[in-house]
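Novice: heads up, no residue letters with this:
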């Protein structure tokens, strides 16, 4: 069995060598960059950030499975894959440990922004004790936009901080809100109310036609000028031009970004001039998450090899 991995050999924190070690009888081919030019001659594809559209799928001659090493499937034309009889599967974030790791990074960003992380080095260099004066999280309101695996993991960890938690998702559910400690939970039409109340807004959504640029100029105008925006989902959730204008005009106090409009981002991007804590899409790159993704990917590839039913299928 031959498997194409649309990533550099050393991407994903050493996951690729671990996959090879787990399945030594399977041939794995890593592509150059996060792309794939042809699927001919491969039985399975691990796409990563590669866009898998109808044109790429047309090059497949025996592809049976597209297995994502994580949750994100927005770059895959699932309908086109289904039409060709190609299975599509992922590794759910709440079972792999990915959601836990991403949530921890989000909280680290919240604390860093609240404690004015960018000013600390200068204060130390200038021997200024007791500076800068930060914000405490207790009593602040956090707005969770998206309450899938990551959103639920955030709620579980933020609860002990004494924060007021509010959220929006596709459907409002009072029982869900009570279970996860939210003061209120609305549907996506209630996003404006969340933005108006929140001191921290945390995005953990996929980028699809319903959520693309959900944070645009109008949404940013509804946020408190002293509030912070943290994106743990996908870069396309935010209108970049409007976002940069909000930072430039101090309509936002700052932001945390683990995902970008272009990945990897340009080191000279204007976004890095502002009060932004940025990380190179490492939310799920921890020992726990990588081990969970490794198990999920290898289990499904083994199932494919042995003719068993593939788990966590979307097509």
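Specialist: Ah, there it is. These numbers were taken from a predicted model, which means no experiment stands behind them.

Novice: surely residue 57 and residue 84 touch.
Specialist: Yes: with contact defined as C-beta atoms under 8 Å, residue 57 reaches residue 84; the gap is 5.8 Å. No exception for glycine: its C-beta is placed from N, CA and C like everyone else's.

Novice: joint contacts of the two?
Specialist: Jointly contacting residue 57 and residue 84 under the rule C-beta atoms under 8 Å, 6 or more residues apart in numbering are residue 63.

Novice: neighbour count: these two, which is higher?
Specialist: residue 57 (19 against 14; other C-beta atoms under 10 Å).

Novice: ok, then the element right after the worst-scoring helix or strand of the chain on mean pLDDT?
Specialist: Lowest by mean pLDDT, DSSP states H and E among the helices and strands of the chain is helix 93-96, with a mean of 86. The helix or strand immediately downstream of helix 93-96 is helix 98-114, counting by DSSP states H and E.

Novice: for the least confident helix or strand of the chain, what is the distance to the chain centroid?
Specialist: 13 Å (C-alpha atoms, centre = their mean, to the nearest Å).

Novice: buried residues in it?
Specialist: 93, 96 (16 or more other C-beta atoms under 10 Å).

Novice: do the same with stretch 214-230
Specialist: 214, 215, 219, 220, 222, 223, 224, 227, 228, 229, 230.

Novice: quick one: low-confidence parts of the stretch 1-150 of the chain?
Specialist: 32-35 (pLDDT under 70).

Novice: can you map out the helices along it?
Specialist: Under the criterion DSSP state H, counting those that start in this stretch, the stretch 1-150 of the chain carries helices at the ranges 15-22, 54-57, 78-83, 93-96, 98-114, 117-125, 149-158.

Novice: could you list every helix and strand in contact with the longest one?
Specialist: Translated: helix 98-114. Helices and strands touching helix 98-114, by 3 or more C-beta pairs under 8 Å, 6 or more residues apart in numbering; DSSP states H and E, are helix 149-158, strand 200-203, strand 228-231, strand 254-257, strand 276-278, helix 287-306.

Novice: likewise the second one?
Specialist: Taking 3+ C-beta pairs under 8 Å, 6+ apart as the contact definition, the neighbouring helices and strands of helix 54-57 are helix 78-83.

Novice: check the fourth one too.
Specialist: Judged by 3+ C-beta pairs under 8 Å, 6+ apart, the packing partners of helix 93-96 are helix 149-158, helix 287-306.

Novice: ok, which of those comes nearest residue 246?
Specialist: Across the helices and strands packed on helix 93-96, residue 246 has its closest neighbour in helix 149-158 (22.7 Å, C-beta to C-beta).

Novice: what's next to the closest one, contact-wise?
Specialist: 71, 92-94, 98-100, 102-104, 106-107, 137, 142, 144-145, 147, 165, 167, 169, 180-182, 202, 204, 232-233.
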